[in-house]
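Q: Build me a structure from this.
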Amino acid sequence: METNREKIILYKKEHPDWTLAYIGGLVGVTKQRVRQVLLTNNISTKRLKEYCSPCIVCKTLILSKNTAKAICSDECKKKLLWVNLLCTNCKISISRLKSTLARELRKKPNKLFFCSKSCNISYLWSIGVLSGKKKVNV
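A: Now for the predicted structure:
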């Protein structure tokens with residue numbers, strides 16, 4: 001079981017934006033006692049003006065003023081905004097913006113996705129739409 005001293009140190013390291021009074025309230029001691037414990041362990045008693053929050057994609061802790069939309073890198077931003085699909089015909093991976101994809105699927109829920117116009121035409125030929133005769137699956 002953790003002692004109050006260990007809890008104080010843990011809270012301060014995990015949440016540098018919390019006030020000493022708040023940490024003291026969680027542990028059940030005064031803010032002065034929290035300050036004493038931190039100083040004896042050479043931990044800063046100053047509160048960060050910015051907030052530590054996890055990236056909404058990869059959960060890496062980052063300093064950010066906007067805690068609701070904290071994104072740590074361009075790679076995470078791409079993962080958040082883009083979705084990978086497979087071409088219906090050739091199975092090549094293609095990327096679409098999530099917002100564009102949502103709009104397209106609202107208009108046509110059973111929409112097929114292709115990597116190019118030639119791939120789309122090739123697919124239409126393969127199912128018999130462009131030849132005038134529809135293939136029958138037996």
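Q: center of this structure - which residue?
A: Val57 (1.7 Å; Cα atoms, centre = their mean).
Q: helix or strand for that one, which one?
A: Val57 is part of no helix or strand when elements are defined by DSSP states H and E.
Q: what's the closest non-adjacent residue to it?
A: Cys76 (3.9 Å; Cβ to Cβ, 6 or more residues apart in numbering). For glycine as for every other residue, the C-beta is placed from the backbone atoms N, C-alpha and C.
Q: check contacts around the one you found.
A: The contact partners of Cys76, by Cβ atoms under 8 Å, 6 or more residues apart in numbering, come to 55-58.
Q: again with Thr60
A: 54, 72.
Q: Now do the phi/psi pair for it.
A: phi -70, psi 140 (degrees, to the nearest 10).
Q: So it versus Leu130, what's the distance?
A: 50 Å (Cβ to Cβ, to the nearest Å).
Q: again, but for Lys117
A: 13 Å.
Q: for the protein, what spans make up the helices?
A: 4-14, 20-27, 31-40, 74-81, 98-107, 117-127 (DSSP state H).
Q: For Thr88, which of these is the nearest?
A: Nearest to Thr88 among the helices of the chain is helix 117-127; the distance by Cβ to Cβ comes to 6.0 Å.
Q: Can you list the helices and strands that that closest one packs against?
A: If you count contacts as 3 or more Cβ pairs under 8 Å, 6 or more residues apart in numbering; DSSP states H and E, helix 117-127 packs onto no helix or strand.
Q: Quickly list the domain ranges of the chain.
A: 4-40, 87-127 (automatic domain parsing).
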